[in-house]
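let's see this in three dimensions:
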Amino acid sequence: MKFCYKKISLPLVLLLTMFAACNKEAPDAERAMSVVISGYNGGAHPLQMAIDTTVYDVAVSSGKYIVKPNDLGNFNIAYSYRSNKQRMFTLTDTVTKEIVYRKELPSDGTKANFNYLFLNGKLVDINPPVADPVTNKLGFYIYYPASDESIDISLYRVDGSTGQAFRVYLAKGIKPGTWAYVDYMAGENFATKNMLGNTQIHFTKSGNVGQWAFENDESKSVISAFGMFLPAADEKGLVQPYFITPQTYDLGHSQLFYYPDRL
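Okay, the predicted model is just below:
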């Protein structure tokens, strides 16, 4: 019986060894994670963010990661780390030093998302419903301590070619201070991203489309649908909670969801 041997050159052996090594990530190799934070600080004191031992205090980027009182806190942080271990994202009251929000980062992957609402000295539960494959679910939490009157929310668009106006209601009779979810599928007049890019979202007093909901001020009761990532006609199965609150000059909002493939 004869045996055949094929000689493998030394350079080829080295190349194969290097290739195998490249596909096995070293335990201490540097990794990166995009951490998206969305929410609102309705407390009396600023909130300071931290990821594990990295503290984003006033010395970091001139304090831009400090969430001021009565302000939206929407951030995207590129966080680098090496070893695999439990890591926590926290929000800490800068005066009392109390940790008001604490969640664990994913153990792997490249993206993380944290959503919070800190109102009246405590966290408001954000418990979105389970996704429905045949429709979308939009949620609204309106923070408006000045009034408890119910509010209607509608989409409004004027066609640039014909001048025709279109309106469709997203929700009616929403009470401030509570979560309200509605099923939503885009209609033909708000079907595409181009249409939505030219659409406004109106907040009016219930049953009176001509009366603005917040301080009877249009600038504080209207926001552009552009950048709100409302579902287009070909999208289903999305769950999108929104936080809404009037601010000094306009209407503030925070998107308490994260679909990185739709950004």
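
any idea how far Ala171 lies from Trp179?
The gap separating Ala171 from Trp179 is 11 Å, by CB to CB, to the nearest Å. Placement of C-beta: from N, CA and C, glycine included.

sorry, wrong one. I was asking about Met195.
Separation of Met195 from Trp179 (CB to CB) stands at 27 Å.

same thing with Pro241?
From Pro241 to Trp179 the distance is 7 Å (CB to CB).

quick one: the helices in the chain?
10-22, 193-197 (DSSP state H).

isn't Val158 up against Met195?
No. Between Val158 and Met195 there is no contact under CB atoms under 8 Å: 11.0 Å.

these two: which is more packed in?
Taking other CB atoms under 10 Å, Val158 and Met195 do not tie; Met195 has more neighbours (20 against 13).

list the contacts of the more buried one.
By CB atoms under 8 Å, 6 or more residues apart in numbering, the residues touching Met195 are Arg157, Asn189.

now it: how far from Ala59?
45 Å.

where do the strands of the stretch 101-250 of the chain begin and end?
111-119, 122-123, 136-142, 151-158, 165-174, 179-184, 199-205, 222-224, 239-246 (DSSP state E, counting those that start in this stretch).

need those strands in TSV with distance to Phe89 and mean pLDDT, can you?
Below are the strands of the stretch 101-250 of the chain laid out as TSV (distance: least, CB to CB, whole Å; pLDDT from 0 to 100):
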stretch	distance to Phe89	mean pLDDT
strand 111-119	5	97
strand 122-123	14	96
strand 136-142	21	98
strand 151-158	31	98
strand 165-174	30	97
strand 179-184	23	98
strand 199-205	30	98
strand 222-224	28	97
strand 239-246	18	98
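
make CSV out of these and add distance to Gly73.
Converted to CSV, the strands of the stretch 101-250 of the chain look like this (distance: least, CB to CB, whole Å):
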stretch, distance to Gly73
strand 111-119, 8
strand 122-123, 13
strand 136-142, 15
strand 151-158, 23
strand 165-174, 23
strand 179-184, 19
strand 199-205, 21
strand 222-224, 18
strand 239-246, 11
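
Pro46 is nearest to which of the ones you listed?
Pro46 lies closest to strand 111-119 among those, at 11.2 Å (CB to CB).

packing partners for the closest one?
strand 31-42, strand 88-93, strand 99-104 (3 or more CB pairs under 8 Å, 6 or more residues apart in numbering; DSSP states H and E).

in the protein, where is pLDDT below threshold?
1-28, 263 (pLDDT under 70).

returning to what we had before: tell me which of Ala171 and Trp179 has more neighbours.
Between Ala171 and Trp179, counting by other CB under 10 Å, Trp179 is the more crowded of the two (19 against 16).

just checking, that one touches Ile142?
No. Using CB under 8 Å, Trp179 makes no contact with Ile142, being 9.6 Å away.

would you list the helices and strands packed on strand 111-119 in a markdown table and tack on mean neighbour count?
Shown next, in a markdown table, are the helices and strands packed on strand 111-119 (neighbours: other CB atoms under 10 Å):
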| stretch | mean neighbour count |
| --- | --- |
| strand 31-42 | 19 |
| strand 88-93 | 19 |
| strand 99-104 | 14 |
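
for Pro260, which of these is the nearest?
Of all these, strand 31-42 comes closest under CB to CB, at 8.0 Å.

report the beta-bridge partners for the residue nearest to Phe75 when sequence neighbours are not counted.
Once flanking residues are discounted, Phe75 sits nearest to Ile37: 4.6 Å by CB to CB, 6 or more residues apart in numbering. Ile37 has these beta-bridge partners by DSSP bridges: Phe75, Phe114.

and Ile37, how far from Glu149?
31 Å.

same question for Met185.
28 Å.

so what sits against both of Pro241 and Trp179?
In contact with both Pro241 and Trp179: Gly139, Phe140, Tyr141, using CB under 8 Å, 6+ apart.

please consider this matter closed, and thank you.
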